[in-house]
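Trainee: only geometry, no sequence info:
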C-alpha cells in the first residue's frame, strides 16, 4: 500500500501550521490570544500569563486579529506585482526599444543612401546643462592666423597717357590716389 500524497516525506502541506518557522514567544502569544477568544481565559488572566499589562495585552490581541484578517483576504491569482520584478521588466523593455530604435535608424540611413539623399544633421544644442548659452570655442591664435591670411587683393591701376612706362601692377587702391596727377 502506498502512502497518500500528503503523508509522503517532504510533501507540501499548506493547510498545516508550521510552528518551527515562528519564535517561541510568538507561538505563546498566539495560544493565549486564542484561549481568550475561545473563552478559556479572561483578558486579565492572559495579561498576567504573558507578564504584560492589560492594555499591552489588548494591543497584542488587536495586532493578532488584524494579522488574521489580513491573512484571510482573498489573494489574486498568478504572480504578485513587486517593484523588483517591475524594474527588471522595464529594463528589458528599454533595451528592446533601444534595439528597435537603432534598427529603424539603420533602415532610414539605408533608404537615404538608396535614394541619394544626405543624412539630416542633428542641430547642436545652444545651451549647456546649466541652461547657459554655449560659446563657440575659438583659439586666439587661429583668429589671428585667419586675419593674416586675408590680404587685400592687388588692383590694376590704369596709367594715363602722360605717364611714362607700362601700367603699374600690384598697386593697392590707396596707392592709386598718390599716383594720379
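Mentor: In hand now; what should we look at? What you are looking at is a predicted structure, and each value in this text was computed from that prediction instead of being measured. Numbers count the residues shown, from 1 in each chain.

Trainee: Next up, the contacts around residue 128.
Mentor: By Cβ atoms under 8 Å, 6 or more residues apart in numbering, the contact set of residue 128 is residue 134. Yep, even glycine has a C-beta here, placed from its N, CA and C like the rest.

Trainee: Check what pLDDT it gets.
Mentor: According to the prediction, residue 128 has pLDDT 74.

Trainee: can you give me the helices in the chain?
Mentor: 24-38, 43-50, 54-72, 83-115, 140-149, 173-179 (DSSP state H).

Trainee: Give me the mean pLDDT for the second one.
Mentor: What that stands for is helix 43-50. Here the average pLDDT along helix 43-50 is 93.

Trainee: Flag every buried residue along that helix.
Mentor: For helix 43-50, a neighbour-count test (16 or more other Cβ atoms under 10 Å) marks 46, 47, 49, 50 as buried.

Trainee: right, and the first one touches residue 34 too?
Mentor: To tie it back to what came earlier, the one meant is residue 46. No. Residue 46 is beyond contact range of residue 34, at 10.1 Å (criterion: Cβ atoms under 8 Å).

Trainee: For this protein, give me the ranges with low pLDDT.
Mentor: Scanning the chain with the threshold set as pLDDT under 70 gives 1-15, 119-120, 136-138, 151-181.

Trainee: try 80 this time
Mentor: 1-20, 76, 78-81, 118-181 (pLDDT under 80).

Trainee: Centroid-nearest residue for it?
Mentor: Centroid-nearest residue in the chain: residue 91, 9.0 Å away (criterion: Cα atoms, centre = their mean).

Trainee: and that one, what is it in contact with?
Mentor: Contacts of residue 91 by Cβ under 8 Å, 6+ apart: none found.

Trainee: Give me the distance between it and residue 97.
Mentor: Separation of residue 91 from residue 97 (Cβ to Cβ, to the nearest Å) stands at 11 Å.

Trainee: tell me the contacts of residue 61?
Mentor: Neighbouring residues of residue 61 by Cβ under 8 Å, 6+ apart: 33, 36, 43, 46.

Trainee: again, only using 7 Å
Mentor: Neighbouring residues of residue 61 by Cβ atoms under 7 Å, 6 or more residues apart in numbering: 33, 36.

Trainee: what's the farthest-apart pair in the buried residues of helix 43-50?
Mentor: 47 and 49 (7.3 Å; Cβ to Cβ).

Trainee: what is in contact with these two at once?
Mentor: By Cβ under 7 Å, 6+ apart, no residue touches both residue 47 and residue 49.
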